[in-house]
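Novice: Quick one, fold the following:
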Amino acid sequence: IKSPYGEQASTLMAVRSSGGSPGLLSSPYQDYQEFYISQEGPDIAIADLPPMPPRTSKFYWEPLISVVVILLLIFDCVGIPMASTNRTSDPLLPEVVIPAVWIASAIAVGCTLWLIFGPTGEIQRRPDTCYPIPDVVRMKLLQGGMQLMTSNIPGMNGYTYCTRCYVWRPHESHHCSTCQRCCTRFDHHCSFFGRCITGHNMPCFFLVLVMGVVGIAAQAVTFW
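Specialist: Residues are numbered from 1 along each chain as shown. Model (predicted):
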């Protein structure tokens with residue numbers, strides 16, 4: 001497996017004959033020395049790993065802004081058509097537009113709550129995600145020098161070991177600098193909702209956008 005650090009550096013992992021866990025890791029650090037991953041089992045318990053990085057303040061206040069903005073938009077998109085029903089005899093408004101905006105509003109609220117409180121694919125610390133701990137990480141943890149390591153460790157089949165979360169993560173995963181967690185199937189961090197948009201919540205993200213278009217269309221029909 002070629003390493004992204006250059007042609008001279010390669011990442012090779014020998015799979016254990018029993019259980020299929022990684023055994024030998026050749027990592028492109030320092031003089032491209034090889035680090036052996038112990039097969040006797042972990043010598044650092046998950047509970048003894050450093051705490052997860054603290055989330056930034058944006059993780060908490062960005063969702064509040066999105067909730068306020070969406071509620072104001074719902075009030076506008078629903079209130080204006082309802083207020084206009086008394087000034088028009090067109091049956092399109094009460095029979096089609098108003099039910100449509102109420103349904104769109106309910107969907108938007110549900111999707112917003114899912115985006116804020118639902119799963120984003122964060123990789124949790126478990127034995128199958130934390131182990132085996134690469135020896136370079138184990139040595140630095142025992143020596144108290146992990147603050148000097150800023151690069152992740154490449155592994156097999158596109159996996160990398162995050163030196164901030166201390167977990168193995170698959171391809172297309174990313175450590176979010178705002179949420180301070182590694183997420184699988186990562187697309188981007190949305191500053192409006194304050195959450196990572198991943199393959200796990202992408203449908204809700206697009207549904208909110210579509211419901212916004214429905215609200216704009218309802219406004220256009222009301223004033224037309």
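Novice: Start and end of stretch 174-191, how far apart?
Specialist: End-to-end span of stretch 174-191 (CA to CA, to the nearest Å): 16 Å.
Novice: Show me which residues of that stretch are buried.
Specialist: Neighbour-count burial for stretch 174-191 flags 174-176, 178-186, 189-190 (criterion: 16 or more other CB atoms under 10 Å). Yep, even glycine has a C-beta here, placed from its N, CA and C like the rest.
Novice: ok now that stretch, how far from the chain's centre?
Specialist: Its chain's average C-alpha position is 4 Å from that of stretch 174-191, according to CA atoms, centre = their mean, to the nearest Å.
Novice: And the contacts of it?
Specialist: 52-56, 58-59, 62, 115, 120-123, 152, 162, 164-165, 167, 169-170, 172-173, 194-200, 202, 205 (CB atoms under 8 Å, 6 or more residues apart in numbering).
Novice: do that again at 6 Å, thanks
Specialist: 53, 55-56, 58-59, 62, 120-123, 162, 164-165, 169, 172-173, 196-199 (CB atoms under 6 Å, 6 or more residues apart in numbering).
Novice: Which of these fall in strands?
Specialist: 162, 169, 196-198 (DSSP state E).
Novice: Kindly indicate which of those lies nearest residue 68.
Specialist: Distance ranking of the ones in strands among the contacts of stretch 174-191 against residue 68, using CB to CB, places residue 197 first at 19.8 Å.
Novice: who's in contact with the closest one?
Specialist: 187-188, 190, 205.
Novice: Give the bridge partners for it, please.
Specialist: residue 188 (DSSP bridges).
Novice: ok, residue 84 - how many residues close by?
Specialist: Burial of residue 84 is recorded as 17 neighbouring residues (other CB atoms under 10 Å).
Novice: helix or strand for it, which one?
Specialist: helix 58-84 (DSSP states H and E).
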